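**Q** here's my sequence, what's the structure:
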Amino acid sequence: PERTSELLQANGQLTAEIAERTRAEAELQRFADDLERNNRELQDFAYVASHDLQEPLRKIQAFGDRLKAKCGETLGEQGQDYLTRMQNAASRMQTLITDLLTFSRVTTQAKAFVPVDLAQVTQEVLSDLEIRIEEVEAQIEIGQLPTIDADPVQMQQLIQNLISNALKFHRPDVSPVITIDAHPSDAALLLTEVSSEAPAMCQLTVTDNGIGFDEKYLDRIFTVFQRLNGRSAYEGTGIGLAVCRKIVERHRGHITAQSRPDHGATFVVTLPYLQLQEGAQHDLRLQVHDD
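**A** Numbering: from 1, shown residues only. Here you go, the predicted model:
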């Protein structure tokens, strides 16, 4: 009888575990279905943003340009002011649509992870931003940057957004000084003390001497449409850093910032050196390129 009781108890526990596992699997499937539906909605939005919304906007801009060219002199001062405001609003709307489309494409048009040389990507970004860098007389300092598994297009977008942000929010009459560097994360350094394996994560930092911000607004700056400064002072839609966060999260990383008003800011991006796939075995070797 005692043995029978033990078997019944074990059978009851096994049944409960199976039921719990079944419930967890069903919950996971519901989550996967919701994620797939959200991705489809994002794809639908991307199509609408790139076609249905932009076509009427292009007509507004085109007819505004024609009106200014053919009838500008007869509109009078007030009419020309109205026309200029309309064209500026259409231009801002165009930028907003483009930025929203970029935000949605982080997941809808994502590429496979491949080895990406961040040093090379950074040089390409600086080449693209050459004119802007010269305009504000910025000084760019680049440290040792590693090669990581990533989406190359999104890494270029991430670094360009962070550097552009630093160039934009510089202090008046103070030339920007921007430092781009990378090193193993603190957690990874602890790993090397007890293991011969190389660190699994790196921290990419972009530091500037710009206007900075109060850290109580830290969560806000990575949210779509959230701005700490007025449009009249600094251009933009408030989507750039939200795109950065979405890219970093897609790469299983984390982004944060450290700052004080008038004392610059440091954006810290923590990313895996290697994107581990289920069932795959990787040799965790840190690849760093010397200047």
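
**Q** which elements pack onto the host helix or strand of residue 33?
**A** According to DSSP states H and E, residue 33 maps onto helix 2-47. Using 3 or more C-beta pairs under 8 Å, 6 or more residues apart in numbering; DSSP states H and E, the elements in contact with helix 2-47 are helix 76-108. C-beta: built from backbone N, CA, C; applies to glycine.

**Q** what's the angle from the helix it packs on to helix 2-47?
**A** Using axes from the mean of the first three to the mean of the last three C-alpha atoms, to 10 degrees, the inter-axis angle of helix 76-108 relative to helix 2-47 is 150 degrees.

**Q** buried stuff in helix 76-108?
**A** 83, 86-87, 90, 93-94, 96-97, 99-107 (16 or more other C-beta atoms under 10 Å).

**Q** sorry, back to before: give the other helices and strands that the helix or strand following the helix holding residue 33 contacts.
**A** Sequence-wise, the next helix or strand downstream of helix 2-47 (DSSP H and E) is helix 54-71. Here helix 54-71 touches helix 76-108, going by 3+ C-beta pairs under 8 Å, 6+ apart.

**Q** quick check: mean pLDDT of the helix it packs on?
**A** Looking at helix 76-108 alone, the average pLDDT works out to 79.

**Q** distance between it and the chain's centre?
**A** 22 Å (C-alpha atoms, centre = their mean, to the nearest Å).

**Q** list the helices and strands that helix packs on?
**A** helix 2-47, helix 54-71, helix 240-250.

**Q** adding mean neighbour count, write these out as a markdown table.
**A** Shown next, in a markdown table, are the helices and strands packed on helix 76-108 (neighbours: other C-beta atoms under 10 Å):
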| stretch | mean neighbour count |
| --- | --- |
| helix 2-47 | 11 |
| helix 54-71 | 13 |
| helix 240-250 | 20 |
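
**Q** those helices: lowest mean pLDDT?
**A** When I compare these, helix 2-47 is least confident, with a mean of 78.

**Q** how much space between the residue nearest the centre of the chain and residue 256?
**A** Centroid check for the chain by C-alpha atoms, centre = their mean gives residue 244 as the closest residue, at 1.2 Å. Taking C-beta to C-beta, to the nearest Å as the measure, residue 244 falls 11 Å from residue 256.

**Q** list the residues that contact both of the two?
**A** Taking C-beta atoms under 8 Å, 6 or more residues apart in numbering as the contact rule, residue 244 and residue 256 both touch residue 267.

**Q** mind pulling up the pLDDT for residue 143?
**A** 94.

**Q** equivalent analysis for residue 140, please.
**A** Confidence at residue 140, expressed as pLDDT, is 95.

**Q** return the residues in contact with the closest residue to it other than its chain neighbours.
**A** Ranked by C-beta to C-beta, 6 or more residues apart in numbering and with sequence neighbours excluded, the top spatial neighbour of residue 140 is residue 178, at 5.3 Å. Taking C-beta under 8 Å, 6+ apart, we find residue 178 in contact with 138, 139, 140, 141, 163, 166, 167, 206, 207, 208.
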